[in-house]
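**Q** One predicted model, sequence on top.
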Amino acid sequence: MRYHQSGNIPQKRHTIFKSPEDKFYYEQLFGTEGFHGISSLLYHIHRPTQIKSIGEPKDVAPKIAVDKNVTPRMFKGMNVTPEDDFMDSRKFLLVNNDLKMGLAKPRKSMDYFYKNAECDELLYVHNGSGILKTFVGNLEFSVGDYMIIPRGTIYQVELHSDDTVFFVLESHSPIYTPKRYRNEFGQLLEHSPFCERDIIAPTFVEPKDEKGEFLIKVKKENQITNFIYATHPFDVVGWDGYFYPYKFNIKNFEPITGRIHQPPPVHQNFEGHNFVVCSFCARMYDYHPQAIPAPYNHSNIDSDEVLFYTEGDFMSRNHIDLMDFTLHPGGIVHGPHPGAMERSIGKKFTEEYAVMVDPFRPLKITEEAMKVEDPSYKTSWLESEDHSLGDRSQE
């Protein structure tokens, strides 16, 4: 992240700051990891602490169907059920103690405010468009946008249609850009596949000076609790710092290619504690005269691998639909489906887009995931006698 300043702020922090009407503004330190991590300072028209009431918590913990998994699996994302409410639409499919991931298909804009008080959120826009409204400004989003929302951010989502689809990841640790692409000052290096120009901060909007009853749903420890506040949460007149939501579009990721097949780490886009997120994007294939563009068979001994297919035709797998999730558990060899390696030889480029998450601790599978599983996937690498001939005939 880089320093950003928006709206009106005082010349020096932690000092008197007043409105033109000689009323105090109220400073808030917004950050994580105690006073060690990155943070921002926000300046409110009203004290941001005015709770009027707190409701009973609602349990939203994902229900686990498979606690220990060694089976390769596919989940048909197109069959995940849409819901009107934004929070109800979140269907987590795969979880562990570091993260949760799944799909959300909300049909209506939020008429309340929301704060995840425990997890950073990554929302990848598979379909649809809208506006992420936050207490530090707005982000307009559309297909291909990653929105990184730090924990503690108060926000609303306004949808432009009822067919929006998000890939959702909640992380118990901060989500950052990869360390190996940053220097000691935090600047993205020349060999990084993206740069600061690709990271879009919120657009400042005029603060809301309103009193009344404002519902903020707060999520912590798998419970959502309704808080009623006496003032509008979007009353920030200005802020500065390093801690804020932002967006990054997958098509601004510039793939690193080579003469022979490059390993998945070159596609890394984000990281958290015990996981990485990669973006597989349209790119030129390997250009060694005898290169095999399809990935080689490999064993992720120390991590599970999850792929979410979002655009194009993924060359290494057969019978893949958009919104599909595939899960390859750690310790089990996986690779291209029969015929995929042969089909890839001689190909010059791909137009595929996919989001990959590699967690370094095993994933548990939820009941929501089992509702949309394709049970035939685990044996889909078996070859029939004429399979390779059939695949070669498609070249």
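**A** Ah, there it is.

**Q** Distance-wise, check the residue lying closest to N297 once chain neighbours are set aside relative to I292.
**A** Nearest residue to N297, sequence neighbours excluded (Cβ to Cβ, 6 or more residues apart in numbering): G335, at 3.3 Å. C-beta here means a position set from N, CA and C on the backbone, and glycine is covered the same way. According to Cβ to Cβ, to the nearest Å, G335 and I292 sit 11 Å apart.

**Q** tell me, what's touching those two both at once?
**A** Residues touching both G335 and I292 (Cβ atoms under 8 Å, 6 or more residues apart in numbering): M341.

**Q** Just the pLDDT at G390, thanks.
**A** Note for G390: predicted pLDDT of 35.

**Q** Show me where the stretch 201-350 of the chain dips below the pLDDT cut-off.
**A** 314-316, 318 (pLDDT under 70).

**Q** quick one, strands of it?
**A** With strands called from DSSP state E, counting those that start in this stretch, the stretch 201-350 of the chain shows them at 211-220, 223-231, 236-241, 246-249, 268-272, 275-280, 283-284, 298-299, 305-311, 324-328, 333-334, 349-350.

**Q** and of the ones you listed, who's closest to K108?
**A** Checking those against K108 by Cβ to Cβ gives strand 211-220 as the closest, at 14.7 Å.

**Q** Please list all residues in contact with S19.
**A** Neighbour list for S19: 25, 45, 237 [criterion: Cβ under 8 Å, 6+ apart].

**Q** F270 too?
**A** 122, 146, 148, 175-178, 276-277.

**Q** Please, a ChimeraX command that selects the buried ones among those residues?
**A** A single ChimeraX command selects the buried members of the contacts of F270 (16 or more other Cβ atoms under 10 Å):
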select :122,146,148,175,176,177,178,276,277
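
**Q** Can I get the contacts of F270 in JSON lines including secondary structure?
**A** Supplementary listing: those in JSON lines, determined by DSSP: H, G, I helix; E, B strand; the rest coil:
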{"residue": "L122", "secondary structure": "strand"}
{"residue": "Y146", "secondary structure": "strand"}
{"residue": "I148", "secondary structure": "strand"}
{"residue": "I175", "secondary structure": "coil"}
{"residue": "Y176", "secondary structure": "strand"}
{"residue": "T177", "secondary structure": "coil"}
{"residue": "P178", "secondary structure": "coil"}
{"residue": "V276", "secondary structure": "strand"}
{"residue": "V277", "secondary structure": "strand"}
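
**Q** For Y287, state which of the contacts of F270 is nearest.
**A** Once Cβ to Cβ is applied, the member of the contacts of F270 that ends up nearest Y287 is P178, at 25.1 Å.

**Q** Next one: the residue nearest to the closest one when sequence neighbours are not counted from Y176, what distance?
**A** Computed as Cβ to Cβ, 6+ apart, the closest residue to P178 that is not its neighbour in sequence is Q268, at 4.9 Å. Using Cβ to Cβ, Q268 is found at 11 Å from Y176.

**Q** Is G272 in contact with T177, as I believe?
**A** No - using Cβ atoms under 8 Å, G272 makes no contact with T177, being 11.1 Å away.

**Q** Throw the contacts of F270 into TSV and include distance to P233, thanks.
**A** Shown next, in TSV, are the contacts of F270 (distance: Cβ to Cβ, whole Å):
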residue	distance to P233
L122	22
Y146	24
I148	20
I175	22
Y176	26
T177	28
P178	32
V276	33
V277	29
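
**Q** So which of the contacts of F270 is the closest to Q187?
**A** When the contacts of F270 are compared against Q187 (criterion: Cβ to Cβ), the nearest one is T177, at 10.5 Å.

**Q** so who does M87 touch?
**A** With contact set as Cβ under 8 Å, 6+ apart, M87 has these partners: 60, 114, 217, 219, 224.

**Q** any idea how far it is from K219?
**A** In this view, M87 and K219 are 8 Å apart by Cβ to Cβ.

**Q** and for the two, which residues touch both?
**A** In contact with both M87 and K219: 60, 114, using Cβ under 8 Å, 6+ apart.

**Q** Tell me which residues are up against stretch 277-287.
**A** 122, 169, 175, 250-251, 253, 255, 257-262, 264-265, 267-271, 291-293, 307, 312, 344, 347-358.

**Q** All good on my end, thank you.
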